[in-house]
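>>> how would this look folded up:
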Amino acid sequence: VYSIPLGGACIRQRVAIGGSGSTYIYGLLDSLLEDKDTLTRDEALTLVKKCLSHAMARDGSSGGVIRTVVIDKNGCERDFTPGDKVPFTI
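You can find the predicted model right below:
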């Protein structure tokens, strides 16, 4: 995964997050990945939804729903989680 921050550098990272709510979840993401070298597809989706819901709960500019797309050799699979079904709210 490569991240291209505002300065324009291309940085290789284990994961990349961005957006207004991302500052709220760096520590959460680090702790959830601390003992993990790899994730299954389902583990990755669960982690993404947990992190996004935490960011949404803290950041008024983040949206109220979660949309994910899994891209693999078989194509793209889209998923929608409505606001009343996100895994974390305040």
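
>>> And the spatially closest residue to R58 that is not a sequence neighbour, how far from E77?
Distances taken as CB to CB, 6 or more residues apart in numbering place Y24 nearest to R58, at 4.2 Å, with adjacent residues excluded. For the C-beta atoms, the positions are set from N, CA and C on the backbone; glycine is no exception. In this view, Y24 and E77 are 27 Å apart by CB to CB, to the nearest Å.

>>> Between the two, point out the one with more neighbours.
Y24 (16 against 12; other CB atoms under 10 Å).

>>> thinking that one is in contact with D59, fair?
Yes. With contacts counted by CB atoms under 8 Å, Y24 reaches D59, the gap being 6.0 Å.

>>> circling back: dump the residue contacts of the residue nearest to R58.
Neighbouring residues of Y24 by CB atoms under 8 Å, 6 or more residues apart in numbering: H54, A55, R58, D59.

>>> What about the third one, how many residues nearby?
Looking back up the chat, that one is R58. The number of residues packed near R58 is 15, by other CB under 10 Å.

>>> my read: it touches G21, true?
Yes. Using CB under 8 Å, R58 is in contact with G21, at 6.6 Å.

>>> hey, which helix is longest across the chain?
Secondary structure of the chain per DSSP state H: the longest helix is helix 41-58.

>>> returning to that earlier point: how close does the residue nearest to R58 get to V48?
15 Å.
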